[in-house]
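In: sequence isn't available, so here's the structure alone:
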């Protein structure tokens, strides 16, 4: 009997269409200009508010990540674990616990040397384009300088996403050689990395210090040296495809200077970090929500469908001006057949509180209603040696540097994966379905109208690899880890 890993795709329903309208790709604009209004006809793929005591169980927590809507408890276990309540020994002006329905996904509080991430491993389709919208808060630093920042990243859906990348200046997406010291272990980036959007308050994600961008022909304008202060504060910086310790090359950033001569001023029309916020003891969850409102920033990332896919990043700085486009550049090609994704944040000597809320991911074009697909036969003898896609320079910014050249290749064998999909009801409880793969409709707060059977096709995939390395706590603190690189179904 053969099982295939499905791509999770909701089917279009009237309720979703009523909320999301009809789609139109936004034209590139100058950084800071109002983003063109977008009408949507796409299919809602994932919708999670993170305001309740539980969340969609396909989200897995890593490190300090937790839900403020749940009761507080002990310090979350290191590594990957289910999303649960936050620690009782809170640090900084964090929202109260047991706050449902006014909770948040808290990636870190203001403790020093914290790493936190949430990972969504089940692959979601890419062919119809992607639009991702979420709210983020960075505020409440207990140090003179806030740090580090928040990343949203996409990975190749054919590679199992079980851990984020290195933290600190790598923001949980890129690789890192801590302190650029060759005696330290070289920490890998997110497995099968495709695109890492850094909402970088401190500014180290902009630079290639600590071997970020290792193996890339195109380097960060800030080069590979250590800089004080950090070279790209209050900047949206994007890094491209990478795997293990190679790649994750600089692609684009919100700066008016792409030369190698500092400074590199940010062109963002507002601050990523929110206003100083105090949440006194005894504040109710609803009162805390009102106190945090001024620090909210809403981010929208779009990748248009082929041909010639384009990435745009829009930010609403909560200043009454609405979404403003801050970046637009060609997407790295080839685009993966499907994505996994995650959020990450960290603190070190410098701190901040990092929160996420109201995530919606949808396709730009409607995804056709699923139909049965014949299963392809895979020859066990087929092998290939693909190279990761090279990043493409931004179309809207002049830069003479060429894109990265990826030289490392590896032999790949055909294999199959046995992994059943999880059917998730609207309140986040898991209902396991035996024997078939279901793609749930997930519209938080809406109506669960049905399930659609999604059958996959077997294609060439990467065999299981086990990578022995070390994972980063912020700023060079390490602990051993094993990453299992498992083959996954790629659907076309």
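Out: Happy to help now that I have it. Remember, it's a predicted structure, so these values are computed and weren't measured experimentally.
In: use CA for all of it now, contacts and neighbours both
Out: Noted.
In: and the closest residue in space to residue 186 that isn't next to it in sequence, what does it touch?
Out: Using C-alpha to C-alpha, 6 or more residues apart in numbering and skipping residues adjacent in sequence, the residue nearest residue 186 is residue 177, 4.6 Å away. Residue 177 makes contact with 184, 185, 186, 187, 210, 211, 212, according to C-alpha atoms under 8 Å, 6 or more residues apart in numbering.
In: okay but the last one is in contact with residue 170, surely?
Out: Yes - taking contacts as C-alpha atoms under 8 Å, residue 212 lies within contact range of residue 170: 7.1 Å.
In: who has more neighbours, the two?
Out: A count of neighbours by other C-alpha atoms under 10 Å puts residue 170 above the other of residue 212 and residue 170, at 37 against 33.
In: distance of the residue nearest to residue 186 relative to residue 201?
Out: To residue 201, residue 177 is 21 Å away according to C-alpha to C-alpha, to the nearest Å.
In: cool, and residue 117?
Out: In this view, residue 117 and residue 201 are 17 Å apart by C-alpha to C-alpha.
In: more neighbours: which of these two?
Out: Neighbour comparison, residue 117 and residue 201: the larger count goes to residue 117, with 32 against 25 (by other C-alpha under 10 Å).
In: which one is the more buried one nearest to, not counting chain neighbours?
Out: residue 344 (4.1 Å).
In: all helices of the stretch 1-150 of the chain, in order?
Out: For the stretch 1-150 of the chain, the helices defined by DSSP state H, counting those that start in this stretch occupy 14-20.
In: quick one: low-confidence parts of it?
Out: Within the stretch 1-150 of the chain, the segments meeting pLDDT under 70 span 1-33, 35-40.
In: tell me where it has strands.
Out: Assigned by DSSP state E, counting those that start in this stretch, the stretch 1-150 of the chain shows strands spanning 33-34, 44-48, 59-63, 66-67, 80-82, 105-108, 115-125, 130-139, 149-156.
In: show me where the stretch 251-400 of the chain has its strands.
Out: Along the stretch 251-400 of the chain, counting by DSSP E, counting those that start in this stretch, strands occupy 296-303, 310-316, 323-330, 338-346, 353-362, 383-384.
In: quick one: average pLDDT of the third one?
Out: The average pLDDT for strand 323-330 rounds to 98.
In: strand partners of that strand, parallel vs antiparallel please.
Out: Strand 323-330 pairs in its sheet with strand 33-34 (antiparallel), strand 310-316 (antiparallel), by DSSP bridges.
In: with distance to residue 252 added, can I get these in CSV?
Out: Below are the strands paired with strand 323-330 laid out as CSV (distance: least, C-alpha to C-alpha, whole Å):
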stretch, distance to residue 252
strand 33-34, 17
strand 310-316, 10
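In: hey, least reliable of those strands by pLDDT?
Out: Across these, the lowest-scoring stretch is strand 33-34, with a mean of 66.
In: now do residue 410, the pLDDT please.
Out: On the pLDDT scale, residue 410 is placed at 32.
In: typo on my end, residue 294
Out: With respect to pLDDT, residue 294 scores 97.
In: that one: what's it in contact with?
Out: 274, 275, 318 are the contacts of residue 294 under C-alpha under 8 Å, 6+ apart.
In: wait, residue 63 touches residue 115, no?
Out: Yes - counting by C-alpha under 8 Å, residue 115 is a contact partner of residue 63 at 5.7 Å.
In: who has more neighbours out of the two?
Out: More crowded of residue 63 and residue 115, by other C-alpha under 10 Å: residue 115, with 30 against 23.
In: pretty sure the more buried one sits against residue 167.
Out: Yes - using C-alpha under 8 Å, residue 115 is in contact with residue 167, at 6.9 Å.
In: count the neighbours of residue 284 for me.
Out: By other C-alpha under 10 Å, 16 other residues sit near residue 284.
In: can you verify my assumption that it contacts residue 96?
Out: Yes - using C-alpha under 8 Å, residue 284 is in contact with residue 96, at 7.1 Å.
In: angles on the backbone of the residue nearest to residue 349 when sequence neighbours are not counted, please.
Out: Nearest residue to residue 349 in three dimensions, chain neighbours excluded: residue 112, at 5.8 Å (C-alpha to C-alpha, 6+ apart). Torsion angles at residue 112 (phi, psi; degrees, to the nearest 10) stand at phi -70, psi 150.
In: do I have it right that residue 112 meets residue 347?
Out: Yes - Residue 112 is within contact range of residue 347, at 5.7 Å (criterion: C-alpha under 8 Å).
In: that older thread, for the contacts of residue 294, point out the one with the lowest pLDDT.
Out: Taken together, the contacts of residue 294 show their lowest pLDDT at residue 275, with 89.
In: distance check, that residue against residue 93.
Out: Relative to residue 93, residue 275 is positioned 12 Å away (criterion: C-alpha to C-alpha).
In: which one of those two is surrounded by more residues?
Out: Taking other C-alpha under 10 Å, residue 275 and residue 93 do not tie; residue 93 has more neighbours (22 against 16).
In: surely the more buried one touches residue 137?
Out: No - between residue 93 and residue 137 there is no contact under C-alpha under 8 Å: 11.9 Å.
In: give me the pLDDT value at residue 446.
Out: Looking at residue 446, the pLDDT reads 29.
In: rewinding a little: between residue 93 and residue 137, which contacts overlap?
Out: Common contacts of residue 93 and residue 137, defined by C-alpha under 8 Å, 6+ apart, comprise residue 353.
In: quick revisit: out of the strands of the stretch 251-400 of the chain, nearest to residue 263?
Out: Closest to residue 263 of those, according to C-alpha to C-alpha: strand 323-330, at 19.0 Å.
In: how far off strand 296-303 does the closest one point, in degrees?
Out: Taking axes from the mean of the first three to the mean of the last three C-alpha atoms, to 10 degrees, one finds strand 323-330 and strand 296-303 inclined to each other by 30 degrees.
In: and strand 323-330, what's buried?
Out: Residues of strand 323-330 classed as buried by neighbour count (16 or more other C-alpha atoms under 10 Å): 323, 324, 325, 326, 327, 328, 329, 330.
In: which of those residues lies closest to residue 309?
Out: residue 330 (6.1 Å).
In: and that closest one, how close does it get to residue 308?
Out: As judged by C-alpha to C-alpha, residue 330 and residue 308 stand 7 Å apart.
In: could you do residue 278 as well?
Out: Going from residue 278 to residue 308 by C-alpha to C-alpha gives 46 Å.
In: tell me the phi and psi of the residue lying closest to residue 309 once chain neighbours are set aside?
Out: Distance criterion C-alpha to C-alpha, 6+ apart; nearest residue to residue 309, sequence neighbours excluded, is residue 331 at 5.4 Å. The phi/psi pair for residue 331 (degrees, to the nearest 10) reads phi -70, psi 140.
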